[in-house]
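Student: How does the following fold in three dimensions:
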Amino acid sequence: MRVDGPRPLLSPEVAITAAAEAVLGGVPVGLRRLDGGMNNVMYRLDQGGRALVAKHYFQHPSDPRDRLGTEFQMVSFLWDSGTRCIPEPVGLDRTYGVGFYSYIDGARLSEGPVVERDLEAYGQFVSSMWQLSHGPGAEALPRASEAAFTLRDRLETVSRRLTWLRDALDPTALQARSFVAEEAVPLFDRLGLWAQDVAETAGFEIGEPAPEAEWALSQGDIGFHNCLRRGNRLVFLDFEYGGWDDVAQVMVQTCLAPAIPAPERLHPPFLSGLVGRTCGSKFLALRVRLIYPVLAVKWSLIMLNELVEVGRARRSFAGATFDEVEGSRVYRARGMLELAERSIDPRSPLSVLLTNQGGRS
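Tutor: Model prediction:
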């Protein structure tokens with residue numbers, strides 16, 4: 001591992017080659033860029049007869065998170081704990097901002113629909129992460145990006161994102177600006193009042209923290225866009241935002257990430273089952289119910305990130321292609337907002353299941 005000096009301004013190919021020489025002890029063979037990276041640049045290479053992935057991490061003055069260090073630490077902990085549904089960590093070089101991992105020969109889930117078996121596999125991974133959270137070494141891991149352990153903090157996180165987005169949107173993005181002001185803000189304001197009322201009715205406060213027994217390790221950027229299908233199993237990728245979070249948030253995020261969505265009809269039984277498979281407490285069931293619409297609103301806002309400067313810069317760095325038509329982004333954002341609104345109906349399947357769940361207080 002190299003830790004000396006600031007990262008030099010080099011092309012990804014030059015940086016990866018230099019990092020491979022320093023960390024792996026030789027010049028990489030067959031360096032080939034991979035598709036699919038949205039925040040970073042990824043290459044396949046061969047080193048000593050072994051296929052590896054080199055990941056060159058994005059940096060921006062307005063986003064100083066240590067993506068490389070977080071991901072390598074998370075994956076190393078999981079691998080050392082016996083988890084094998086992830087790439088093996090091989091080495092990292094902080095000078096060049098590169099991490100090396102085993103290459104996984106699998107298919108992106110975008111090449112086929114998400115089915116109930118896939119969601120169950122994700123649930124098993126979440127459960128195993130929760131169990132590992134209570135084992136040795138987990139306490140040294142960082143908190144996940146935007147982690148929150150009370151519903152009040154979760155609401156404030158989304159409120160800050162809403163304020164930032166309102167200020168950061170391109171002045172010419174008139175549809176997006178109208179959507180945020182006239183649809184997202186009113187629903188979010190109503191959501192805060194609804195959450196407080198539901199929590200108090202259940203005998204809790206929105207500022208009450210999740211007990212540490214209900215914290216869990218999170219992949220961070222959870223969702224089927226960060227999975228590969230390999231045979232009959234899933235392999236989980238991308239831990240650069242990972243760390244500790246409320247297990248309720250981890251559960252809900254599994255369902256809601258919109259890039260490759262899980263069918264909405266599967267969300268209620270999946271979440272109810274996960275609550276029962278972990279601690280099964282009344283407070284956990286309540287937090288899942290309340291966090292679900294909050295995260296749906298958050299995702300509706302994230303869908304507009306390409307209309308601000310740092311989002312464009314990150315995607316440009318990764319060489320990603322995406323639809324920049326403003327109308328299509330607002331349409332998708334509105335769909336997530338409507339999902340949030342449906343979920344707060346007391347007659348919704350999610351509300352009914354989780355209101356009646358929770359064997360222990």
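Student: and the longest helix seen in the chain, how far from the chain's centre?
Tutor: The single longest helix within the chain, with elements called by DSSP state H, is helix 282-302. Its chain's average C-alpha position is 14 Å from that of helix 282-302, according to Cα atoms, centre = their mean, to the nearest Å.
Student: Packing partners of it?
Tutor: Packing partners of helix 282-302 (3 or more Cβ pairs under 8 Å, 6 or more residues apart in numbering; DSSP states H and E): helix 151-168, helix 185-201, helix 247-256, helix 267-277, helix 326-343, helix 349-355. The way it works is simple: take the backbone N, C-alpha and C, and place the C-beta from them, glycine included.
Student: Mean confidence (pLDDT) on the second one, please.
Tutor: Spelled out, that is helix 185-201. Taken as a whole, helix 185-201 carries a mean pLDDT of 95.
Student: Tell me which other helices or strands it touches.
Tutor: So helix 185-201, by 3+ Cβ pairs under 8 Å, 6+ apart, packs with helix 151-168, helix 282-302, helix 326-343.
Student: Identify each buried residue in it, please.
Tutor: 187-188, 191-192, 195-196, 198-199 (16 or more other Cβ atoms under 10 Å).
Student: May I see those arranged in CSV, with distance to Asp167 as well?
Tutor: Rendered in CSV, the data for the buried residues of helix 185-201 read as follows (distance: Cβ to Cβ, whole Å):
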residue, distance to Asp167
Leu187, 19
Phe188, 16
Leu191, 21
Gly192, 20
Ala195, 25
Gln196, 26
Val198, 30
Ala199, 30
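Student: now, of the helices and strands packed on helix 282-302, which is deepest in the fold?
Tutor: helix 247-256 (a mean of 26; mean count of other Cβ atoms under 10 Å).
Student: Contacts for that one next, please.
Tutor: If you take Cβ atoms under 8 Å, 6 or more residues apart in numbering as the criterion, helix 247-256 is touched by 119, 122-123, 126, 129-130, 147-148, 154, 210, 214-216, 218-219, 222-223, 262, 266-267, 270-271, 274-275, 278-279, 284, 287-288, 291-292, 295-296, 299, 336, 339.
Student: quick one: Phe270 from Glu208, how far?
Tutor: 25 Å (Cβ to Cβ, to the nearest Å).
Student: Out of the helices and strands packed on helix 185-201, the one nearest Glu88 is which?
Tutor: helix 282-302 (30.0 Å; Cβ to Cβ).
Student: got the angle for the closest one vs helix 247-256?
Tutor: Angle between the axes of helix 282-302 and helix 247-256 is 50 degrees (criterion: axes from the mean of the first three to the mean of the last three Cα atoms, to 10 degrees).
Student: Just the angle for helix 282-302 relative to helix 185-201, thanks.
Tutor: Going by the same axes, to 10 degrees, helix 282-302 makes 180 degrees with helix 185-201.
Student: Out of the helices and strands packed on helix 185-201, which is closest to Leu78?
Tutor: Of these, nearest to Leu78 by Cβ to Cβ is helix 282-302, at 22.8 Å.
Student: what mean pLDDT does the closest one have?
Tutor: 95.
Student: Going by neighbour count, which residues of that helix are buried?
Tutor: Here helix 282-302 shows 282-302 as buried, counting by 16+ other Cβ under 10 Å.
Student: That one versus helix 326-343: what angle between them?
Tutor: Going by the same axes, to 10 degrees, helix 282-302 makes 160 degrees with helix 326-343.
Student: CA atoms only for helix 282-302, dumped as PDB, please.
Tutor: Output of helix 282-302 as PDB, limited to C-alpha atoms (Å, rounded to 0.1, in the frame of the first residue of the first chain):
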ATOM      1  CA  LYS A 282     -42.000  -3.100  17.300                       C
ATOM      2  CA  PHE A 283     -39.600  -0.100  17.100                       C
ATOM      3  CA  LEU A 284     -37.800  -1.600  14.100                       C
ATOM      4  CA  ALA A 285     -41.100  -2.300  12.300                       C
ATOM      5  CA  LEU A 286     -42.200   1.300  12.900                       C
ATOM      6  CA  ARG A 287     -38.900   2.700  11.600                       C
ATOM      7  CA  VAL A 288     -39.200   0.600   8.400                       C
ATOM      8  CA  ARG A 289     -42.700   2.000   7.900                       C
ATOM      9  CA  LEU A 290     -41.600   5.600   8.500                       C
ATOM     10  CA  ILE A 291     -38.300   5.500   6.600                       C
ATOM     11  CA  TYR A 292     -39.800   4.000   3.500                       C
ATOM     12  CA  PRO A 293     -41.500   7.200   2.200                       C
ATOM     13  CA  VAL A 294     -38.600   9.400   3.400                       C
ATOM     14  CA  LEU A 295     -36.200   7.400   1.300                       C
ATOM     15  CA  ALA A 296     -38.600   7.400  -1.600                       C
ATOM     16  CA  VAL A 297     -38.500  11.200  -1.500                       C
ATOM     17  CA  LYS A 298     -34.700  11.200  -1.200                       C
ATOM     18  CA  TRP A 299     -34.500   9.000  -4.400                       C
ATOM     19  CA  SER A 300     -36.800  11.300  -6.200                       C
ATOM     20  CA  LEU A 301     -34.400  14.200  -5.500                       C
ATOM     21  CA  ILE A 302     -31.300  12.100  -6.400                       C
END
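Student: I'd like to check the angle between it and helix 151-168, please.
Tutor: Using the same axes, to 10 degrees: helix 282-302 against helix 151-168 is 0 degrees.
Student: low pLDDT regions in this protein?
Tutor: The chain contains residues with pLDDT under 70 at 1-9, 36-39, 59-63, 111-112, 309-324, 358-361.
Student: Three-state assignment for the residue most central in space within it, please.
Tutor: Centroid-nearest residue in the chain, with Cα atoms, centre = their mean: Asp221, separated by 1.5 Å. Classification of Asp221 by DSSP: H, G, I helix; E, B strand; the rest coil places it in coil.
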